[in-house]
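S.K.: Predicted structure and sequence below. I'll ask about it afterward.
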Amino acid sequence: MTRTAIVAALHDELASVLALMPDEHKEVVGGREFWVGHLHGQDVVAVLSGIGKVAAATTATLLIDRFKVQRIVFTGVAGGLGPGVKVGDVVLARSFLQHDMDASPLFPRHEVPFYGRARFDTDAALADALELACERMLHSLPQQLGAATAEAFGLQAPHLHQGLLISGDRFVATTAESQALQGELPDALAVEMEGAAFAQVCHDFGVPLAVVRTISDRADDAAHVDFPRFLREVASRYSAALIDHLLRT
């Protein structure tokens, strides 16, 4: 049986996934709590990624080496960068890049030394399956969030975007930083802090990876929303619904 890792960025998202698992038990490795069990009859391991690329890389390596997962699905939140990528939208990663990787002049900016590349792709087949789950979720769940939640965060007909996500070890939350990233990497849809690390580790081990991020803000001066409420009322519900749809099929 294929073992799937379900990785969440934050506790509320992980809790929403664990609520779907009927028989999970906890194993602690490397200071991390891994929840091993089943979901819709499939063998799964659920865990928090940790914040930042080093923590994420450690988690990804443990999932593959210790828990022998054969595929990894990551859900979380991100700041929107691309035109039309708005709060409440969902971004499905097709590739990742570290926006703060710079070993120049020895290597071109953003290129990971000795890999000959800056971008690491997600797995096409697994991402396609997650795309279908996203479409099903966006067709049904947003209408169930309630008028108060929709009004509070300006949610209007959430869309699915696909393409490049960028990762770095700093929280981007100013217009100046956001505009600089948009100018440097105009095809970047969103920015976060872990995905590129997972993508590189999965490339190293040949393990399929798919990543989806809910947009919580525009990574600019207006990014300081009621984040705990957004996480509780929107992002965590998106994550649970996505995983539910994915593993049912």
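M.R.: Structure received. None of the values given here were measured: they were computed from a predicted structure.

S.K.: which residues of this protein fall in strands?
M.R.: Assigned by DSSP state E, the strands in the chain fall at 3-8, 25-29, 32-39, 42-48, 71-80, 90-98, 119-121, 160-167, 188-192, 209-217.

S.K.: Export the ones you listed to a markdown table and append columns for mean pLDDT, mean neighbour count and distance to Phe198.
M.R.: Any C-beta I mention is one placed from the backbone N, CA and C, and that applies to glycine too. A markdown table is the format used below for the strands of the chain (pLDDT from 0 to 100; neighbours: other CB atoms under 10 Å; distance: least, CB to CB, whole Å):
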| stretch | mean pLDDT | mean neighbour count | distance to Phe198 |
| --- | --- | --- | --- |
| strand 3-8 | 96 | 24 | 7 |
| strand 25-29 | 98 | 11 | 17 |
| strand 32-39 | 97 | 17 | 14 |
| strand 42-48 | 97 | 21 | 12 |
| strand 71-80 | 95 | 26 | 6 |
| strand 90-98 | 98 | 24 | 8 |
| strand 119-121 | 98 | 18 | 9 |
| strand 160-167 | 98 | 21 | 9 |
| strand 188-192 | 97 | 25 | 11 |
| strand 209-217 | 94 | 26 | 6 |
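
S.K.: could those go into TSV alongside distance to Met137?
M.R.: Below are these laid out as TSV (distance: least, CB to CB, whole Å):
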stretch	distance to Met137
strand 3-8	15
strand 25-29	27
strand 32-39	16
strand 42-48	18
strand 71-80	11
strand 90-98	8
strand 119-121	23
strand 160-167	9
strand 188-192	17
strand 209-217	9
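
S.K.: where along the protein do the helices fall?
M.R.: Counting by DSSP state H, the chain has these helices, from start to end: 11-18, 53-65, 124-140, 147-153, 175-184, 195-205, 227-230, 236-248.

S.K.: hmm, back to that, who wins for proximity to Leu130 among the strands of the chain?
M.R.: Among the strands of the chain, strand 209-217 comes nearest to Leu130, with 4.4 Å by CB to CB.

S.K.: what angle sits between the closest one and strand 90-98?
M.R.: 110 degrees (axes from the mean of the first three to the mean of the last three CA atoms, to 10 degrees).

S.K.: Just name the shakiest helix or strand of this structure by mean pLDDT.
M.R.: In the chain, no helix or strand scores lower on mean pLDDT, DSSP states H and E than helix 147-153, which sits at a mean of 79.
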